[in-house]
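**Student:** no sequence on this one, just coordinates:
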DNA sequence: TTAGAATTCAAACGTTTGTTTGAATTGATG
DNA sequence: CATCAATTCAAACAAACGTTTGAATTCTAA
C-alpha cells in the first residue's frame, strides 16, 4: 500500500530474521526462543524461516556461522601474520594468546551486535545439543589445530596435554567473561552490559590469561610449588 | 505383585526423581528434558513430579539445591577455618582461592554423581532463564560476599573492581573446565569424561587460577607491562 | 504486457509440552 | 479390622511447538 515500498526484498527478510534471531537466542536461549517470537519480532510471516533457511536448526547454524566464520578467519590470519613476523622461529606464547583472543574481544567491543553475538557464542559452548556440538567441532577444527601446533612449537618443553589444559582454561575464562553470565555478573557486581564494558575488560582478561598460561606447572604429586 | 516390595517408599520416589533429573538435565539441558523422560527413566508415574515438587521449575531448583547448598556451606566453612588460622591477619590470596575452589573440585572428583552435578552446575551459569538466574543469585549471595570481603582484605592495594574482574575470570575458567564443555573437549582433545579426569585437572586448574590472579594489572592505557 | 519464478501469506497439520483430575491403591494409626 | 491420609495411577487437558500446504502476491525477464 505504501508508495515507496510495500514489502521487503528477499535478502532483507533473511537478514532481519538473522538479526532478530541472534538477539532472541542471546536473550532467551535456543530452545526458549520460538519461531513465532522470531518471525513476530522481525515482522515477517511465520513460514519465512522455513522457506529461507529450511528449519529452526538450520537457522541456528546460520546465525552462528555468520559471525563465527569471519572471526575464526581473522584468528588464522593473525596467526599467519605472527608466524611470518617471527620468520621461522616459534611465535612467543604471549603473541599467540594475543592473536587468538584479540579478535573476539574486538568483535565484542566493536558494536552492540558484536557484543550480543559473543555473548551468544559463549553460551553456545555449553549447549548439550548434538547438533550444536557437531557444528562447533566442525567450525573450530582448523583454528584450534593451528593454534595447538603454534603453542607446541613455542613451548617444546611443556607436554602437549598441559598445553591443551591451559588452552581449555583460557577458552573457558574468556567464554564466560564475554558471555556476561548474568548471574555472576549480579553476584560480583561486574557490569558486562554497559557498552564500554568490553573495552575495559579486554586488557584485564588478557593479563589474566597470560598470567595463567605462565603459571608454574604442578608437580607429579599435585603440589603447585 | 512382587512378594518383597510392590511399590516405592515416598522418599525413594523423591530421590529417584532427583537422581534421574540431574542426569538428564546434565545430558540434555533443562528445556530439552521433558517430564516424561524423567518419570519414564525413574520408573514413576508422570504426575509424581508435580505431586512431590509442584512443578518442573521447582524440580530444577531442588536438583540444584541438593548439592549446591552443602557445596557453598563447605566453602564458607573453609573460609572460616582459614580466617581463624590467620588469627586476625588477612588470609593469603592463594589460600582464599584454594578454599573457594577445592570444594567443587573435590565434589567433582569424588563420585560420578558429583562430576555430573558439577557439569550441570557449570552449564547452569549460562542459562538465561530468569527463574534460574534469580535462583543462583540467591544461592550465591552469601558466599560471594564473604569471599569478596576476604579478597579485599588480602589485597588492600588492589581496587575492588579489579578483584571482582579476576574473581569473575576465575569462576568462568573453573565453571567451563568442570562443565566439560564437550565441544571444546573434542577440539582440544582433553577428555573430561574419564573418571579420574577431575583428579588430574584440579591441580592444573588451581595453578592456572593462581597464575591469573597474580598476573600484573594492566596499566591505564591497557598495556600489560 | 505477459509468462513464470520467487516470495509471502493465512490456516491448518500432527506432536509434544507441563499440568490437572478423580479414582484406585497403599501405608500408617486407632 | 477399620479409618483416614498419603501416594500412585491412567487419562485427559489446553497450550505451544516446528513444520507444511496451497493459494495469493510480488518480482523478474522476455
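**Tutor:** That came through fine. Being a predicted model, the structure only gives us computed values, none of them experimental.
**Student:** quick check: longest helix of chain A.
**Tutor:** Of all the segments of type helix in chain A, defined by DSSP state H, the longest one is helix A:56-86.
**Student:** give the next helix or strand downstream of that one.
**Tutor:** helix A:93-110 (DSSP states H and E).
**Student:** what's the average pLDDT for the helix or strand following that following helix?
**Tutor:** For helix A:93-110, the following helix or strand on the C-terminal side (DSSP H and E) is helix A:112-124. Summarised as a single mean, pLDDT over helix A:112-124 is 93.
**Student:** helix A:112-124: which residues count as buried?
**Tutor:** Buried positions in helix A:112-124, judged by neighbour count with 16 or more other CB atoms under 10 Å in any protein chain shown: A:114, A:115, A:116, A:117, A:118, A:119, A:120, A:121, A:122, A:123, A:124. Just so you know, the C-beta spots here come from the backbone N, C-alpha and C atoms, and that holds for glycine as well.
**Student:** quick one: contacts of it?
**Tutor:** A:19, A:22-23, A:25-26, A:29, A:63-64, A:67-68, A:104, A:107-109, A:132, A:136, A:174-181, A:195, A:198, B:126, B:128 (CB atoms under 8 Å, 6 or more residues apart in numbering or on different chains).
**Student:** mind checking which of the residues you listed are buried?
**Tutor:** A:19, A:22-23, A:25-26, A:29, A:63-64, A:67-68, A:104, A:107-109, A:132, A:136, A:174-181, A:198, B:126, B:128.
**Student:** list the contacts of residue A:128.
**Tutor:** B:26, B:27, B:28, B:29, B:32, B:123, B:182.
**Student:** so what's the residue count around the fifth one?
**Tutor:** Read that as residue B:32. 15 (other CB atoms under 10 Å in any protein chain shown).
**Student:** can you pull the phi/psi pair for it?
**Tutor:** phi -80, psi 0 (degrees, to the nearest 10).
**Student:** need the helix or strand of chain A with the lowest average pLDDT.
**Tutor:** helix A:182-188 (a mean of 63; mean pLDDT, DSSP states H and E).
**Student:** right, and the helix or strand after that helix?
**Tutor:** Scanning forward in sequence from helix A:182-188 by DSSP H and E, the next helix or strand is helix A:197-214.
**Student:** tell me the angle that next one makes with helix A:112-124.
**Tutor:** Interaxial angle, helix A:197-214 versus helix A:112-124 (axes from the mean of the first three to the mean of the last three CA atoms, to 10 degrees): 40 degrees.
**Student:** give me the distance from helix A:197-214 to the chain's centre.
**Tutor:** 16 Å (CA atoms, centre = their mean, to the nearest Å).
**Student:** tell me the mean pLDDT over that helix?
**Tutor:** Per-residue scores along helix A:197-214 average to 92.
**Student:** quick check: buried residues in that helix?
**Tutor:** So for helix A:197-214, counting by 16+ other CB under 10 Å, buried means A:197-198, A:200-214.
**Student:** near DNA strand C, list only the ones from those residues.
**Tutor:** For DNA strand C, no contacts are drawn from those by CB under 7 Å from any atom of the strand.
**Student:** check which helix or strand covers the residue nearest to residue A:160 when sequence neighbours are not counted.
**Tutor:** Take residue A:160 and drop its neighbours on the chain: the residue closest to it by CB to CB, 6 or more residues apart in numbering or on different chains is residue A:152, 6.0 Å away. For residue A:152, the host element (DSSP H and E) is helix A:130-154.
**Student:** show residues contacting that helix.
**Tutor:** So helix A:130-154 is contacted by A:30, A:57, A:60-61, A:64-65, A:68-69, A:72, A:75-76, A:79, A:83, A:90-93, A:96, A:100, A:124-125, A:127, A:160, A:163-164, A:167, B:182-184, B:186-188 (CB under 8 Å, 6+ apart).
**Student:** what do you get for stretch A:196-210?
**Tutor:** A:93-94, A:97-98, A:101-102, A:105-106, A:108-109, A:115, A:170, A:173-174, A:177-178, A:191-192, B:162, B:165-166, B:169, B:212-213, B:215-218, B:222-224.
**Student:** can you do 7 Å?
**Tutor:** Defining contact as CB atoms under 7 Å, 6 or more residues apart in numbering or on different chains, one finds that stretch A:196-210 is touched by A:94, A:97-98, A:101, A:105, A:108-109, A:115, A:170, A:173-174, A:177, A:191, B:165-166, B:169, B:212, B:215-218, B:222, B:224.
**Student:** kindly supply the PyMOL command isolating those of those residues that are buried.
**Tutor:** A single PyMOL command is used to select the members of these judged buried by 16+ other CB under 10 Å:
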select buried, (chain A and resi 94+97+98+101+105+108+109+115+170+173+174+177) or (chain B and resi 165+166+169+212+215+217+218+224)
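**Student:** next up, phi/psi of residue A:44, please.
**Tutor:** phi -120, psi 170.
**Student:** now the one 5 residues further on
**Tutor:** Note on residue A:49: its backbone torsions stand at phi -60, psi -50 [degrees, to the nearest 10].
**Student:** which ones are touching it?
**Tutor:** Here residue A:49 is in contact with A:17, A:35, A:38, A:39, A:56, A:59 (CB under 7 Å, 6+ apart).
**Student:** next: residue A:30.
**Tutor:** Contacts for residue A:30 were tallied using CB under 7 Å, 6+ apart; they are A:60, A:127.
**Student:** please tell me how far it sits from residue A:124.
**Tutor:** 8 Å (CB to CB, to the nearest Å).
**Student:** residue A:73 now?
**Tutor:** From residue A:73 to residue A:124 the distance is 18 Å (CB to CB).
**Student:** if we can go back for a sec, list only buried entries from the contacts of residue A:49.
**Tutor:** Buried among these (16+ other CB under 10 Å): A:17, A:35, A:38, A:39, A:56, A:59.
**Student:** want to throw these into JSON lines with pLDDT?
**Tutor:** As requested, the buried ones among the contacts of residue A:49 are arranged in JSON lines below (pLDDT from 0 to 100):
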{"residue": "A:17", "pLDDT": "98"}
{"residue": "A:35", "pLDDT": "98"}
{"residue": "A:38", "pLDDT": "98"}
{"residue": "A:39", "pLDDT": "98"}
{"residue": "A:56", "pLDDT": "98"}
{"residue": "A:59", "pLDDT": "98"}
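**Student:** list the contacts for residue A:127?
**Tutor:** residue A:30.
**Student:** looking at the buried ones among the contacts of residue A:49, which is nearest residue A:46?
**Tutor:** Using CB to CB, residue A:39 comes nearest to residue A:46 of the buried ones among the contacts of residue A:49, at 4.8 Å.
**Student:** which pLDDT value does the model give the residue lying closest to residue A:96 once chain neighbours are set aside?
**Tutor:** Spatial nearest neighbour of residue A:96, excluding adjacent residues (CB to CB, 6+ apart): residue A:150 at 5.1 Å. Note for residue A:150: predicted pLDDT of 96.
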